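[1] structure, please.
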Amino acid sequence: LGRRSTIPLIRVFSVAFIEFWRGVPLITVLFFATYMLPLFLPGNFTVDGLVRVLIGIALFTGAYNAEVIRGGLAAIPRGQAEASSALGLSYWKTTGLIVMPQALRHVIPGLVNSFIALFKDTSLVSVIAVTELAYVSMQVRAQTFRVLEMLTAMAVLYWLLGYPQAKLVDWIQRRYKVTE
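    All right, here's what the predicted structure looks like:
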């Protein structure tokens with residue numbers, strides 16, 4: 001909504017935010033959140049490494065999802081908003097009751113796809129030594145020298161966690177009769 005705002009300050013801030021976070025690789029965001037963010041905080045204020053990584057991922061993903069939702073809003077004919085305005089609905093009621101529900105139906109596949117990709121991208125946090133599946137797999141692999149078994153187990157676990165998400169998307173699309 002910020003990128004479509006008629007208020008220049010909101011629009012400029014939104015465009016700058018989205019373009020900055022979409023223009024930086026996720027691994028760079030993770031390194032920045034882990035190693036640079038503490039330098040900008042007061043000396044007696046500390047934030048756990050996992051929280052810093054989550055903040056970075058949230059900002060990164062938020063920018064991408066903002067664009068997905070903007071695409072859904074662009075798919076709604078302008079006549080929908082004009083008709084609701086003619087019925088006397090305010091801008092916020094028009095957006096919340098008429099435009100946004102229709103836009104969200106259009107973006108369900110894109111949003112869920114984005115979240116599945118995000119789930120798989122969490123393996124990048126292992127590069128900065130935050131404990132998660134890939135990091136634990138690398139530790140076990142280093143201790144046992146069972147490279148093939150650990151990589152296979154990691155792939156199977158990611159598949160076992162990711163496949164139900166994909167099936168959930170299929171169910172949501174059928175439930176809400178979403179077409180791509």
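
[2] show me what the helix or strand containing residue 163 is packed up against.
    Assessed by DSSP states H and E, residue 163 sits inside helix 147-175. Helix 147-175 sits against helix 100-121, helix 133-144, with contacts defined as 3 or more C-beta pairs under 8 Å, 6 or more residues apart in numbering; DSSP states H and E. C-beta here means a position set from N, CA and C on the backbone, and glycine is covered the same way.

[3] now the first one: buried residues?
    Across helix 100-121, burial judged by 16 or more other C-beta atoms under 10 Å covers 100, 103, 105-112, 114, 116, 118.

[4] next: stretch 14-28.
    Buried residues in stretch 14-28, defined by neighbour count with 16+ other C-beta under 10 Å: 14, 17-18, 21, 26.

[5] off-centre distance for stretch 161-171?
    Centre-to-centre, stretch 161-171 and its host chain are 17 Å apart (C-alpha atoms, centre = their mean, to the nearest Å).

[6] how about the buried residues of stretch 14-28 in a markdown table, adding pLDDT and secondary structure?
    Putting the buried residues of stretch 14-28 into a markdown table (pLDDT from 0 to 100; DSSP: H, G, I helix; E, B strand; the rest coil) gives the following:
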| residue | pLDDT | secondary structure |
| --- | --- | --- |
| 14 | 93 | helix |
| 17 | 94 | helix |
| 18 | 93 | helix |
| 21 | 93 | helix |
| 26 | 90 | helix |
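
[7] quick one: contacts for the nearest residue to residue 13 once chain neighbours are set aside?
    The spatial neighbour of residue 13 that comes closest, neighbours along the chain excluded (C-beta to C-beta, 6 or more residues apart in numbering), is residue 2 at 6.9 Å. Residues in contact with residue 2 (C-beta atoms under 8 Å, 6 or more residues apart in numbering) are 10-11, 13-14, 17, 66.
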